[in-house]
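Undergrad: Provided below for reference: sequence and predicted model.
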Amino acid sequence: MTQTTIKKPVFTGYQKFVIAILAFLQFTIVLDFMVLSPLSAILLDELSISTSQFGLVVSAYAFSAGASGLLASGFADKFDRKKLLLFFYTGFLVGTLLCGLAPNYHLLVAARIITGLFGGVIGSIIYAIVTDLFTIDKRGRVMGFVQMAFASSQVFGIPFGIFLAERLGWHSPFLLIVGLGAVVYIIIAWKLLPIDEHLALQSKSRAIDHMKKTMSNRNYLKGFSVTTLLATGGFMLMPFGAAFAVNNLGIPLDQLHWVYMATGIFTMMAGPLAGKLSDRYGKYRIFWIGSVIAIIFITIYSHLGITPIWIVIILSIFTFIGITSRMVSSQALLTAIPEPKDRGAFMGINSSVMQISGGIASAIAGLIVVQGADGKLSNYPLLGFVVSATVLITIIMMYFINRMVVENKQVREV
């Protein structure tokens with residue numbers, strides 16, 4: 001008699017729900033940031049601001065997010081992660097609503113600061129939840145799905161955001177995010193179970209002492225150092241991506257959504273695939289392959305002049321496949337660094353480091369790129385070289401992170 005082997009599913013039904021709701025939550029957070037890129041072509045004219053001022057709109061969120069992440073890191077492991085998530089998501093939605101109501105540039109910057117104070121912490125809470133609920137051999141796939149938020153925002157959010165901005169004004173995309181976020185908030189409050197097992201591991205030390213201890217850990221410092229450069233590409237290139245495409249590449253504004261949609265569709269497929277491959281063949285291997293792809297196509301793209309839209313789409317697809325592969329694999333690898341009792345603090349500080357370094361990168365990009373009287377952006381090729389150099393450095397830095405993780409035997413089921 002032949003015995004039939006029943007294959008055990010990779011994820012339980014509840015784990016699938018958690019992945020889905022975290023991905024959708026991340027979608028609203030990412031969309032709030034990424035929608036500024038296509039709006040750059042509108043805001044530069046409508047608010048009569050310079051590229052450096054627009055860079056401040058982006059970096060205002062990043063700096064406030066970085067500051068709040070540091071302040072929250074000491075408390076991150078002392079509360080139920082569900083309650084912490086709902087608290088900061090409430091603040092994020094309020095800040096985004098203020099963006100949708102801001103009448104001028106200065107109040108928009110203020111609203112972005114408020115949004116960053118709360119939204120910047122949410123990513124670290126998501127990663128802490130993923131680390132708590134999923135073993136290391138599955139985290140690549142989980143991160144792949146969670147990182148689909150970036151691609152989904154390009155396919156669904158950004159094109160629709162551009163559509164709304166053109167017809168109802170630049171405030172409307174932010175109001176759309178608030179509406180979507182309210183639905184996500186209700187589902188999380190209703191369905192997500194408490195995540196508090198880490199509380200049993202906590203000492204009675206003060207929050208500030210917990211933060212200091214986490215920040216001074218030598219292994220953790222290595223992770224923070226590589227994170228410093230990981231976000232550089234997105235914060236440098238994305239804020240001016242739409243303005244470059246419209247004014248330098250000759251893509252009409254009413255066709256720009258096709259670039260984002262096509263790129264996003266392929267990136268949506270690349271995220272889960274990169275996660276699966278990183279679990280199977282090694283996270284560092286997928287990281288450096290994605291990084292090399294990113295360097296090649298960032299360099300080509302940043303040097304383009306007037307270009308047919310189909311070529312722009314193809315180059316954008318390969319660029320984002322590279323970026324997505326490196327982000328999915330790097331985030332999965334970094335989750336193996338902290339001990340269970342320090343996960344929230346580590347993720348909070350790590351998120352802060354990424355936001356602050358990204359804010360600096362955005363501000364620098366606003367100084368490098370200059371918009372001429374004809375609307376064209378100058379020095380974009382130099383920006384491409386700077387980003388490619390940072391990607392190359394991270395390949396080297398991540399090699400030592402990977403070796404440290406293996407030597408410390410942290411890549412295990414936890």
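TA: That came in fine, so what should we check first? Residues are numbered from 1 along each chain as shown.

Undergrad: mind listing the helices in the stretch 301-414 of the chain by residue range?
TA: For the stretch 301-414 of the chain, applying DSSP state H, counting those that start in this stretch gives helices covering 309-334, 343-368, 380-407.

Undergrad: chain center to the first one: distance?
TA: Mean-position distance between helix 309-334 and its chain equals 13 Å (Cα atoms, centre = their mean, to the nearest Å).

Undergrad: what angle do it and helix 380-407 make?
TA: With axes from the mean of the first three to the mean of the last three Cα atoms, to 10 degrees applied, the angle from helix 309-334 to helix 380-407 works out at 30 degrees.

Undergrad: check which helices and strands helix 309-334 is in contact with.
TA: Secondary-structure packing of helix 309-334 (3 or more Cβ pairs under 8 Å, 6 or more residues apart in numbering; DSSP states H and E): helix 136-146, helix 148-152, helix 218-230, helix 256-281, helix 283-302, helix 380-407. (Each C-beta comes from the backbone N, C-alpha and C, glycine too.)

Undergrad: mean confidence (pLDDT) on the second one, please.
TA: Model confidence over helix 148-152, given as mean pLDDT, is 71.

Undergrad: quick check: closest non-adjacent residue to residue 197.
TA: Nearest non-adjacent residue to residue 197, counting by Cβ to Cβ, 6 or more residues apart in numbering: residue 132, 6.9 Å away.

Undergrad: from residue 81, how far off is that neighbour?
TA: 7 Å (Cβ to Cβ, to the nearest Å).

Undergrad: show me which of these two is the more surrounded one.
TA: When residue 132 and residue 81 are compared for neighbours, residue 81 comes out ahead with 24 against 17, by other Cβ atoms under 10 Å.

Undergrad: enumerate every residue touching the more buried one.
TA: 125, 128, 129, 132, 195, 196, 198, 344 (Cβ atoms under 8 Å, 6 or more residues apart in numbering).

Undergrad: just residue 377 next, same as before
TA: Residue 377 touches 51, 240, 243, 244, 247, 248, 369, 370, 371, counting by Cβ under 8 Å, 6+ apart.

Undergrad: mind giving me CSV with these and columns for pLDDT?
TA: Converted to CSV, the contacts of residue 377 look like this (pLDDT from 0 to 100):
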residue, pLDDT
51, 68
240, 75
243, 79
244, 84
247, 85
248, 87
369, 83
370, 79
371, 77
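
Undergrad: of these, buried ones?
TA: Buried positions within those, assessed by neighbour count (16 or more other Cβ atoms under 10 Å), are 51, 240, 243, 244, 247, 248, 369, 371.

Undergrad: residues contacting residue 357?
TA: 227, 228, 229, 231, 232, 235.

Undergrad: about what we covered before: from the contacts of residue 81, which is closest to residue 378?
TA: residue 125 (40.0 Å; Cβ to Cβ).

Undergrad: show me what counts as buried in stretch 183-201.
TA: Buried residues in stretch 183-201 (16+ other Cβ under 10 Å): 184, 185, 188, 192, 195, 198.

Undergrad: my guess is the second one contacts residue 93, does it?
TA: Yes: the criterion here is Cβ atoms under 8 Å, and residue 185 meets it with residue 93 at 6.9 Å.

Undergrad: show me where the stretch 51-200 of the chain has helices.
TA: So, for the stretch 51-200 of the chain - with DSSP H, counting those that start in this stretch - the helices run 51-73, 81-101, 105-133, 136-146, 148-152, 158-168, 172-191.

Undergrad: for residue 354, which non-adjacent residue is spatially closest?
TA: Nearest to residue 354 is residue 231, by Cβ to Cβ, 6+ apart, at 4.6 Å.

Undergrad: ok, that neighbour - contacts?
TA: Going by Cβ under 8 Å, 6+ apart, the list of residues near residue 231 reads 354, 355, 357, 358, 361.

Undergrad: cool, residue 295 as well?
TA: Residue 295 touches 322, 388, 391, 392, counting by Cβ under 8 Å, 6+ apart.

Undergrad: now these in JSON lines, with pLDDT and distance to residue 339?
TA: Formatted as JSON lines, the contacts of residue 295 follow (pLDDT from 0 to 100; distance: Cβ to Cβ, whole Å):
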{"residue": "322", "pLDDT": "89", "distance to residue 339": "32"}
{"residue": "388", "pLDDT": "90", "distance to residue 339": "35"}
{"residue": "391", "pLDDT": "90", "distance to residue 339": "29"}
{"residue": "392", "pLDDT": "92", "distance to residue 339": "31"}
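
Undergrad: any of those buried? List them.
TA: Counted by 16+ other Cβ under 10 Å, the contacts of residue 295 give 322, 388, 391 as buried.

Undergrad: you'd agree residue 66 is up against residue 355?
TA: Yes: between residue 66 and residue 355 a contact is recorded at 3.9 Å, counting by Cβ under 8 Å.

Undergrad: what residues are shared contacts of those two?
TA: What both residue 66 and residue 355 touch, as defined by Cβ under 8 Å, 6+ apart, is the set residue 120.

Undergrad: between the two, which is the more surrounded one?
TA: Taking other Cβ under 10 Å, residue 66 and residue 355 do not tie; residue 355 has more neighbours (30 against 25).

Undergrad: for residue 256, see how far away that one is.
TA: For residue 355 relative to residue 256 (Cβ to Cβ), the value is 27 Å.

Undergrad: can you list the weak-confidence ranges in the stretch 1-150 of the chain?
TA: For the stretch 1-150 of the chain, the stretches flagged by pLDDT under 70 are 1-9, 37-38, 40-41, 51, 73-76, 150.

Undergrad: got the contact list for residue 337?
TA: Counted by Cβ under 8 Å, 6+ apart, residue 337 has contacts 219, 220, 222, 223, 346, 401, 404, 405, 410.

Undergrad: repeat for residue 177
TA: Applying Cβ under 8 Å, 6+ apart, the residues near residue 177 are 28, 31, 32, 35, 96, 157.

Undergrad: shouldn't the fourth one be in contact with residue 159?
TA: No: counting by Cβ under 8 Å, residue 35 sits too far from residue 159 to count as a contact (10.4 Å).

Undergrad: the more surrounded of these two?
TA: Neighbour count, other Cβ under 10 Å: between residue 35 and residue 159, residue 35 has more, with 23 against 19.
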